[in-house]
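1. task: produce atomic coordinates for the following.
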Amino acid sequence: MGLTPPANLRGKISGALMIAGLVAASAVLICLGRQDIIHALSYAGRLAGGLLVAAGLTALVAAACVAVDRLLGRGTKYTTAITLFGVLAILGAGLLLLTVQIGEYTHWLWLWLGLVVWACWALWDLLHRRQAWREITFRRNFAAIVSFTALITAANFVYSQIYEPYSSPMTVVMSAKIGSIHKDETTTYVPVTFQLENTGQVGAYVVGASYSLTGLNWKSTYENPRDLKQWEKDIDTDQLTDLHAYADKPQPYTVSIGLLQQPGNYDLNPGEKLTQEKIIELPTKLYRAVQITSEAYLLRKDRMTYNATPTTYYSWSGKRETIPKWVTDYAEVDAGSDYIRYQVPVHYSNQILNFTRRPRHITVWWVLGNEDSTPIKPLVADLEISEGEQTEPTFSESEQEREKYGFTYLISGPTEAVL
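-> Numbering: from 1, shown residues only. I've put the predicted structure just below:
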């Protein structure tokens, strides 16, 4: 007696495996697509979710057809066609999810690979062992339906994951203006107005916004112009780009820094403005001019969601953590500077990206400096992968990351006024 099971037993085993795979794949695709139908930030993302749900429902109907065909023995050419269509739907969905996964590893990669491997086995079982293609009498129409569905699905995935995020630019304008300066014998009053205005069609989250007012002084003003050699020395020694013929280089000192918007969830929708007015005081006889600068970090509302309260860490409380060198270099302060760090997790625009991309968070440093150095640019922020140590991003990596997820840096000025 041979060890090979009878053909009908083999058929029931393969049928049970087919049903189990179709039901499991259906659960995965419906669960994933349902989240995007409800929560995706764009219509294209919701349509992609709808297509995944449709693929999952097709797989569920195909599982019922396999049960009718192989377990009850009442299959027809239509049940065969539906089964084949359901397997092809799972194969297509798995390949598209693998395509989106390219470039970044998550544990879900093995699930997409499992879907593709199972679908390839199911196709082999249907087409090679059971010769299902011969049972379908309307093969030309079936091929046309499959081709059209695959084309529409692939086009939507390309649009929602590649083209659509880049189709509408985010346009936010930032300005810092110095008003009419008033002074008396001891104090100079500098009124400043800061404004963020969304002039485009895409909403934004204001991750954080800050300002700095710098007092400028120079030691001497000359009657005779400084010569070319002195200019060359200014370039070589101090890397200056402004060269003065009748004055020494300005000596800056940060007089005032502050947050225009504390890191958190502030919406700036199309047509909205965020305006703040401040009056900054400084000694009348200490500085010859002032310079005001403001900066902000924004996140596109159609690329990511940012709706959690940041966790806050103060460098002077508890165990001191070292601030990254690239942050102090950017703020132009010493390594031992004090700072406040804000961190908040962000989520992607659709569930497909949440499953195919590693989790990320935004970190904002408000750098205060120390007694020997004060920050020129006190706010530093970056979009980082949540796992692993904080390392300095390369310029190309940082730019690609910011552009991909709509993380934008704005700076106004500097605007100067003579005192």
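2. just give me the longest strand of the protein.
-> Ranked by residue count and defined by DSSP state E, the top strand of the chain is strand 204-217.
3. within its sheet, name the partner strands of it and how each one runs.
-> Applying DSSP bridges, strand 204-217 is found paired with strand 251-261 (antiparallel), strand 266-268 (antiparallel), strand 289-300 (antiparallel).
4. of these, give the one that comes closest to residue 26.
-> Closest of those to residue 26 is strand 289-300, at 33.5 Å (criterion: C-beta to C-beta). C-beta coordinates here come from the backbone N, C-alpha and C atoms, glycine included.
5. what is the distance between that closest one and the centre of its chain?
-> Chain-centre distance of strand 289-300: 21 Å, with C-alpha atoms, centre = their mean, to the nearest Å.
6. buried set for that strand?
-> Within strand 289-300, the residues that qualify as buried are 290-300, counting by 16 or more other C-beta atoms under 10 Å.
7. do the same with stretch 78-89
-> For stretch 78-89, a neighbour-count test (16+ other C-beta under 10 Å) marks 79-89 as buried.
8. likewise stretch 90-100?
-> For stretch 90-100, by 16+ other C-beta under 10 Å, it's 90-94, 96-97, 99-100.
9. burial count for residue 17?
-> Residue 17: 15 surrounding residues under other C-beta atoms under 10 Å.
10. give me the helix or strand of the protein that scores worst on average pLDDT.
-> The weakest-scoring helix or strand in the chain, judged by mean pLDDT, DSSP states H and E, is helix 395-405 (a mean of 68).
11. quick one: the helices in the protein, in order.
-> 7-39, 43-66, 77-101, 109-124, 132-135, 139-158, 228-238, 325-331, 351-356, 395-405 (DSSP state H).
12. before we move on, the earlier item: okay if I get the buried residues of stretch 78-89 as JSON lines plus pLDDT?
-> Shown next, in JSON lines, are the buried residues of stretch 78-89 (pLDDT from 0 to 100):
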{"residue": "79", "pLDDT": "81"}
{"residue": "80", "pLDDT": "81"}
{"residue": "81", "pLDDT": "83"}
{"residue": "82", "pLDDT": "84"}
{"residue": "83", "pLDDT": "86"}
{"residue": "84", "pLDDT": "85"}
{"residue": "85", "pLDDT": "85"}
{"residue": "86", "pLDDT": "87"}
{"residue": "87", "pLDDT": "90"}
{"residue": "88", "pLDDT": "89"}
{"residue": "89", "pLDDT": "90"}
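13. closest one to residue 248 out of those, please.
-> Among the buried residues of stretch 78-89, residue 89 lies closest to residue 248 (C-beta to C-beta), at 74.1 Å.
14. spit out the contact partners of the nearest residue to the closest one once chain neighbours are set aside.
-> Spatially, and ignoring its direct neighbours in sequence, residue 89 is nearest to residue 55 (4.1 Å; C-beta to C-beta, 6 or more residues apart in numbering). Under the criterion of C-beta atoms under 8 Å, 6 or more residues apart in numbering, the neighbours of residue 55 are 29, 33, 89-90, 92-93, 153.
15. quick revisit: for the strands paired with strand 204-217, which one sits closest to residue 313?
-> Ranking these by proximity to residue 313 (C-beta to C-beta) places strand 251-261 first, at 15.6 Å.
16. what residues of the closest one count as buried?
-> Residues of strand 251-261 classed as buried: 252, 254-258, 260-261 (neighbour count, 16+ other C-beta under 10 Å).
17. and for stretch 305-324?
-> Within stretch 305-324, the residues scored as buried using 16+ other C-beta under 10 Å are 305-306, 310, 315, 323-324.
18. could you export it as CSV, CA atoms only?
-> Extracted in CSV, the C-alpha atoms of stretch 305-324 (Å, rounded to 0.1, in the frame of the first residue of the first chain):
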residue,chain,number,x,y,z
THR,A,305,-1.2,63.7,12.1
TYR,A,306,0.2,65.5,15.1
ASN,A,307,-2.3,65.4,17.9
ALA,A,308,-0.5,64.4,21.1
THR,A,309,0.8,66.4,24.0
PRO,A,310,4.6,66.6,23.9
THR,A,311,6.8,65.2,26.6
THR,A,312,9.0,67.9,28.1
TYR,A,313,12.5,67.5,29.4
TYR,A,314,14.5,70.4,31.2
SER,A,315,18.3,70.0,31.0
TRP,A,316,18.8,71.5,34.5
SER,A,317,16.4,69.1,36.2
GLY,A,318,17.4,65.6,37.2
LYS,A,319,20.0,63.6,35.3
ARG,A,320,21.4,65.8,32.5
GLU,A,321,21.3,64.3,29.1
THR,A,322,23.8,65.5,26.5
ILE,A,323,22.4,67.7,23.7
PRO,A,324,23.4,66.4,20.2
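19. average pLDDT for that stretch?
-> Across stretch 305-324, pLDDT averages out at 84.
20. please name the residues that touch the closest residue to residue 365 other than its chain neighbours.
-> With sequence-adjacent residues excluded and distances taken as C-beta to C-beta, 6+ apart, residue 365 is closest to residue 380, at 4.5 Å. Applying C-beta under 8 Å, 6+ apart, we find residue 380 in contact with 327, 330-331, 364-365, 367.
21. how much space separates the residue lying closest to residue 171 once chain neighbours are set aside from residue 269?
-> What sits nearest to residue 171 in space, not counting adjacent residues and going by C-beta to C-beta, 6+ apart, is residue 200, at 3.0 Å. Note on residue 200: its distance to residue 269, by C-beta to C-beta, to the nearest Å, is 10 Å.
22. these two: which is more packed in?
-> Legend: neighbour count by other C-beta under 10 Å for residue 200 and residue 269, higher for residue 200 (15 against 10).
23. may I ask you to confirm that residue 331 is in contact with residue 374?
-> No - with contact defined as C-beta atoms under 8 Å, residue 331 does not reach residue 374; the gap is 9.4 Å.
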